[in-house]
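Engineer: Sequence and predicted model, in that order:
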Amino acid sequence: METPKKRINRKVLVITLIVIFVAISLQFAGPEIINPPVTSAIDVPDSVSAILKKGCYDCHSNESKPAWFDKLAPVSWIVSSDIKEARSRFNFSQWTDLAPADQQVKFWEMINMAQNGKMPLPSYLTFHPEAKLTSKEIQVLKDYGQKFIISKPGDTAGVADAERELQGFRISNQTPQRTQVSLNGIKYSDDYKTWKVMVATTRFETRTMRVVYGNDIAIKAIENGDINPWPQGSIIVKVVWNMIEDENGEIRPGTFNNTQWMVKDDKKFPETKGWGFARFNGTKLLAYGKTAKFGTACFNCHKLVKGTGYVFDLPVSRNNEIASRD
Ligand code: HEC
Ligand code: HEC
């Protein structure tokens, strides 16, 4: 007669055998990680190339070097689907197929993603911690990225245009069309000029500088960490200026480019998680969008940052991901 203990032992044995059998048979199913030929590789200095190889090549190139455990199913399925997706976005082995302007934008997008801790993929870093870029390495990428700036030191016409416009902009009754309304009903207003600044950033790749303002409700929500979801009535406004370089080589805001709005109103904008979007272009503040549904296109990008209530720019001290970076 079997003792209960023996019976359990046998059960464990059978289950273990089944697991091993399934794990082995999985190895014959599913995709393999294949490296197609390198056709038009990115051509950058060795210092830059080493960083990209270390952090990004396993997914964004045809020179993936998966570790042994990456090749075991079912991990290999996830890895190969990440690689497929990553290569479809951009591929360092087919880099020069991109137009030069697209290379610039992509390069700065890469720096942004690495800096915000979004790339390399966090799931990958768990098993490849050595692939994480240090702040020094990110700086090397940034320094290299600077060479893309089509720099025009002493852009005197640009400086004069900016001065003239700034004078007009400051005297608010000279700024035209104060009654602009977006097709989804969001009204332009100058009020944001008295709000608190959430973040100010410079994007070299598009030669713009931006300042993001939040109304009292939004600022309080940030202070209380109450941003998922953001409270009703939160308004966030991003103001974008063209960037110029003055005669001393100082980078500063030039002419005004546009303002972009996010207004939290769950009743009015249920399809975009309660955020209404609006954009007013140029000094005439022309409302952007051909139909009232244009906000869906805005939301398609913003939904990438679900974890912060669909808002990208948070003050650094509140953004743990950035604050905890090395
Ligand atoms: C484990 C695989 C993996 C690694 C390693 C990796 N990426 Fe990615 N990357 C992806 C995937 C998958 C996507 C597409 C999905 C997404 O955006 O999350 C992507 C998307 C991107 C995008 C957005 C491109 C677009 O057009 O949408 C950028 C930029 C990017 N990666 C940069 C980098 C940089 C820079 C590195 C190295 C520091 C890196 N990635 C390392 C898998 C990876
Ligand atoms: C291609 C992706 C993309 C699209 C499309 C997009 N945004 Fe954004 N938006 C971003 C990114 C990235 C940031 C943060 C970086 C920055 O400020 O440039 C941002 C920032 C903002 C901010 C400041 C608050 C925040 O989330 O950081 C507002 C307001 C904003 N966008 C409004 C809009 C509006 C209005 C539209 C549509 C007309 C739009 N966005 C379309 C990517 C996008």
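Structural biologist: In hand now; what should we look at? What you are looking at is a predicted structure, and each value in this text was computed from that prediction instead of being measured. Ligands and ions are numbered 1, 2, ... in the order given.

Engineer: who does the helix or strand encompassing Val239 pair up with?
Structural biologist: For Val239, the host element (DSSP states H and E) is strand 235-245. For strand 235-245, the paired strands and their directions (DSSP bridges) are strand 208-214 (antiparallel), strand 251-264 (antiparallel).

Engineer: Sort out which residues of the longest one are buried, please.
Structural biologist: Neighbour counts over strand 251-264 (16 or more other CB atoms under 10 Å) mark 253-264 as buried. Heads up, the C-betas are built off the backbone N, CA and C, glycines and all.

Engineer: what residues does the next helix or strand after that strand touch?
Structural biologist: Using DSSP H and E, the helix or strand that follows strand 251-264 in sequence is strand 275-281. Applying CB atoms under 8 Å, 6 or more residues apart in numbering, the contact partners of strand 275-281 are 180, 182, 184-186, 188, 230, 257-265, 268-269, 286-289, 294-295, 298-299, 302, 310.

Engineer: Out of the residues you listed, which are close to ligand 1?
Structural biologist: By CB under 6 Å from any ligand atom, no member of these lies near ligand 1.

Engineer: Restrict those residues to the buried ones and give me that as a ChimeraX selection.
Structural biologist: The buried residues among the contacts of strand 275-281 can be selected in ChimeraX (16+ other CB under 10 Å) with this line:
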select :180,182,184,186,188,230,257,258,259,260,261,262,263,264,265,269,287,288,289,294,295,298,299,302,310
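
Engineer: still on that earlier bit, got TSV for the strands paired with strand 235-245, with mean pLDDT and distance to ligand 2 too?
Structural biologist: Output for the strands paired with strand 235-245, formatted as TSV (pLDDT from 0 to 100; distance: least, CB to the nearest ligand atom, whole Å):
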stretch	mean pLDDT	distance to ligand 2
strand 208-214	88	5
strand 251-264	86	4
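
Engineer: nearest to Ile18, of the ones you listed?
Structural biologist: Minimum separation from Ile18 across the strands paired with strand 235-245 (CB to CB) falls at strand 251-264, 51.6 Å.

Engineer: Just the C-alpha atoms of the closest one, please, in CSV.
Structural biologist: C-alpha atoms of strand 251-264 as CSV (Å, rounded to 0.1, in the frame of the first residue of the first chain):
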residue,chain,number,x,y,z
ILE,A,251,20.7,79.7,-28.3
ARG,A,252,17.4,81.4,-27.5
PRO,A,253,13.8,81.5,-28.5
GLY,A,254,13.0,83.2,-31.8
THR,A,255,9.6,83.7,-33.4
PHE,A,256,6.6,82.1,-32.0
ASN,A,257,5.5,78.8,-33.5
ASN,A,258,2.4,77.4,-31.9
THR,A,259,0.6,76.5,-28.6
GLN,A,260,-0.8,73.1,-27.9
TRP,A,261,-3.5,72.4,-25.3
MET,A,262,-4.7,69.5,-23.3
VAL,A,263,-8.0,70.1,-21.4
LYS,A,264,-9.4,67.5,-19.0
